[in-house]
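Participant: Quick check, what structure comes out for this input:
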Amino acid sequence: MDLPESWMNVVSNEILDIRDGTHDTPKYVDEKTYPLVTSKNLKKGKIDFDNVKYISTEDFLQISRRSKVDIGDVLFAMIGTIGNPVVVKKEPTYAIKNIGLFKNLKKIINSELLKYYLDSLTFSSQIEEKQFLKGTTQKFIPLGHLRKIEIPLPPLPEQRAIVSKIELLFSELDNGIANLKLAQEQLKVYRQAVLKKAFEGELTRDWRKFNSLLYEWDSKQLNEIAKFIDYRGKTPQKTDYGIPLITAKNVRMGFINEEPREFIAESDYDKWMTRGIPKKGDVLFTTEAPLVP
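Facilitator: Below you'll find the predicted structure:
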């Protein structure tokens with residue numbers, strides 16, 4: 001990687017004290033004493049304490065002798081979903097298990113910048129290229145490999161400038177996402193308003209002025225003008241290939257999504273489709289939430 005002249009390429013254990021939490025599972029207690037934070041508790045840059053388990057004071061002190069967490073440290077999930085780095089910002093009163101602990105004792109790197117780097121595709125590509133991940137059914141990254149991470153290191157003033165710029169751009173991105181969600185909700189409301197006007201005659205009020213003698217509105221029950229075929233009930237035997245099976249999962253707002261792809265055997269098609277065969281011009285409608293035509 002080509003770096004600016006004032007930057008350096010360093011190895012993680014040159015600038016950080018890198019440890020990990022306990023590998024053992026201590027006995028859990030019912031009292032809400034000291035939480036044991038594991039990889040699954042690191043989510044979106046924060047620690048999720050909702051489903052955390054608690055350990056005794058004795059076990060907490062024992063684990064802390066090896067891997068005490070302090071403000072400014074960066075936590076990193078080492079097993080399962082790798083990564084999800086978290087900067088410790090509040091005085092910690094918990095122990096860690098299966099979590100990498102980057103202790104920023106030398107203060108050579110900004111903790112927030114380190115967190116952003118560990119969350120980047122640049123870092124993900126590095127651990128993939130160097131085959132740092134181990135395991136088959138459940139991936140993990142050994143402590144020794146966390147100590148071999150290459151990190152592009154700018155001067156400290158530039159590090160702070162980079163963090164400020166990242167946070168500004170991420171804030172703008174979050175606002176954009178919020179505005180997009182609002183626009184999507186507004187479009188749903190507008191779409192329904194259009195449909196409501198359509199079936200109240202509002203959209204064709206001017207058209208009726210010139211065609212009132214030719215056409216008149218009438219109100220009918222749906223079963224008077226269409227045949228309804230109900231294919232709810234038992235699910236047919238699925239196969240790896242054959243005739244595509246369309247379920248409620250495939251019916252989206254105004255179109256059929258090919259995913260998820262499911263199939264039934266050709267030999268089962270005729271005996272399964274006894275209630276009626278769909279034809280061009282038919283309308284599919286899901287009968288379970290969300291209701292979608």
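Participant: Would you list the phi and psi of the closest residue to residue 17 other than its chain neighbours?
Facilitator: Using CB to CB, 6 or more residues apart in numbering and skipping the chain neighbours, the partner closest in space to residue 17 is residue 103 (4.1 Å). From N, CA and C alone the C-beta is placed, and that goes for glycine too. The phi and psi values for residue 103, taken as degrees, to the nearest 10, are phi -90, psi 120.
Participant: burial count for residue 103?
Facilitator: Per other CB atoms under 10 Å, the neighbour tally for residue 103 reads 18.
Participant: For it, give me its contacts.
Facilitator: 16-19, 70, 73 (CB atoms under 8 Å, 6 or more residues apart in numbering).
Participant: what's the spacing between it and residue 69?
Facilitator: Distance from residue 103 to residue 69, counting by CB to CB, to the nearest Å: 9 Å.
Participant: now do residue 109
Facilitator: From residue 109 to residue 69 the distance is 18 Å (CB to CB).
Participant: In this structure residue 57 contacts residue 33, no?
Facilitator: Yes: the pair residue 57 / residue 33 is scored as a contact, 6.2 Å apart, by CB atoms under 8 Å.
Participant: The two: which has the busier surroundings?
Facilitator: With neighbours defined as other CB under 10 Å, residue 57 and residue 33 compare such that residue 33 has more, 14 against 11.
Participant: Now do the helix or strand containing residue 224: everything it contacts.
Facilitator: Using DSSP states H and E, residue 224 maps to helix 222-225. Helix 222-225 has contacts (CB under 8 Å, 6+ apart) with residue 228.
Participant: 6 Å instead, please
Facilitator: For helix 222-225, contacts defined as CB atoms under 6 Å, 6 or more residues apart in numbering pick out no residues.
Participant: for the protein, longest helix please?
Facilitator: What stands out as the longest helix in the chain, according to DSSP state H, is helix 156-198.
Participant: Can you show me the CA trace of the helix or strand following that helix as PDB?
Facilitator: Sequence-wise, the next helix or strand downstream of helix 156-198 (DSSP H and E) is helix 205-211. Extracted as PDB, the C-alpha positions of helix 205-211 are listed here (Å, rounded to 0.1, in the frame of the first residue of the first chain):
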ATOM      1  CA  ARG A 205     -63.500  13.000 -12.700                       C
ATOM      2  CA  ASP A 206     -62.600  15.100 -15.900                       C
ATOM      3  CA  TRP A 207     -62.700  12.000 -18.000                       C
ATOM      4  CA  ARG A 208     -66.300  11.300 -16.900                       C
ATOM      5  CA  LYS A 209     -67.400  14.700 -18.100                       C
ATOM      6  CA  PHE A 210     -66.900  13.700 -21.600                       C
ATOM      7  CA  ASN A 211     -67.800  10.000 -21.300                       C
END
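Participant: quick revisit: give me the distance between the residue nearest to residue 17 and residue 19.
Facilitator: Residue 103 is 7 Å from residue 19, by CB to CB.
Participant: again with residue 97
Facilitator: Applying CB to CB to residue 97 and residue 19 gives a distance of 12 Å.
Participant: again, but for residue 199
Facilitator: 66 Å.
Participant: Just want to know which of those two has more residues nearby.
Facilitator: residue 19 (19 against 9).
Participant: In the chain, which residue is most central in space?
Facilitator: residue 44 (9.3 Å; CA atoms, centre = their mean).
Participant: Thanks a lot, see you next time.
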